[in-house]
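Novice: okay, predicted coordinates and the sequence, questions at the end:
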Amino acid sequence: LELNFGSIIIEAGSNKTFTYTISIAVLVDGVWKDLGEQDVTTVTFATKIICGYQYSLENGYLAITIGRPRDIYSKIVVLDAGHGGKDPGAVKNGYKEKDLTFTILNNYTKKQFQNSDIKVYFTRETDVLIDLYDRADFASEVGADLFLSLHLNAHNSTAIVRIKLRYTSSNDLLLMSHKK
């Protein structure tokens with residue numbers, strides 16, 4: 001018996017309760033079968049803190065280990081699509097920074113981490129504005145090895161091309177820019 005956790009949904013409730021829903025598909029004759037809503041096994045649990053999980057099959061039974069992300073995963077990355085909600089960020093030629101950063105991280109980058117040994121969290125899964133301190137607190141809460149906040153600046157001149165990287169080291173904010 002093999003299982004595939006096809007979709008994992010994590011929702012933060014209003015009182016900071018996190019609900020984890022795991023839908024399970026079954027391997028039948030070498031093909032993964034999502035047996036339809038009425039036949040899919042769903043495991044749901046709620047916690048007051050953000051948790052990580054691992055699963056395994058032990059003697060024909062599904063075993064799920066739940067704990068602090070740092071205790072479960074060896075590598076943790078938090079990806080933050082800058083701006084969101086009522087804050088569009090830079091706007092140029094009809095493009096909004098919040099939409100571009102979201103598309104880059106949630107559509108393209110997400111695929112790069114599938115089947116990797118790196119646990120990736122996204123600060124936003126929809127077009128919502130999240131406070132800057134909440135974004136950083138989230139990365140600290142999960143014990144992130146890397147927190148990357150993606151921003152795309154705009155300028156009227158096409159002669160200016162700039163990549164800006166902000167990072168912290170020993171609690172000192174360092175700023176590094178590269179001009180092309």
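Specialist: In hand now; what should we look at? Bear in mind the structure is a predicted one, so any value in this text is a computation, not a measurement.
Novice: can we go C-alpha only for contacts and neighbour counts from here?
Specialist: Will do.
Novice: which of the helices and strands in this structure ranks last by mean pLDDT?
Specialist: Lowest by mean pLDDT, DSSP states H and E among the helices and strands of the chain is strand 172-179, with a mean of 35.
Novice: verify the stated contact: Ile64 with Phe45.
Specialist: No - with contact defined as C-alpha atoms under 8 Å, Ile64 does not reach Phe45; the gap is 10.9 Å.
Novice: tell me what the lengthiest helix in the chain is packed against?
Specialist: Criterion DSSP state H: the longest helix present in the chain is helix 132-142. If contacts are counted by 3 or more C-alpha pairs under 8 Å, 6 or more residues apart in numbering; DSSP states H and E, helix 132-142 sits against strand 76-81.
Novice: could you check the angle the strand it packs on makes with helix 132-142?
Specialist: In terms of direction (axes from the mean of the first three to the mean of the last three C-alpha atoms, to 10 degrees), strand 76-81 departs from helix 132-142 by 160 degrees.
Novice: where exactly do the strands run in the protein?
Specialist: 3-12, 18-28, 31-33, 41-47, 52-58, 61-67, 76-81, 91-92, 95-96, 119-122, 146-150, 162-169, 172-179 (DSSP state E).
Novice: extract the residue ranges of the chain that are flagged as low pLDDT.
Specialist: 1-43, 57-58, 60-62, 162-180 (pLDDT under 70).
Novice: quick check: beta-bridge partners of the closest residue to Asp145 other than its chain neighbours?
Specialist: Spatial nearest neighbour of Asp145, excluding adjacent residues (C-alpha to C-alpha, 6 or more residues apart in numbering): Ile76 at 5.4 Å. For Ile76, the beta-bridge partners under DSSP bridges are Lys119.
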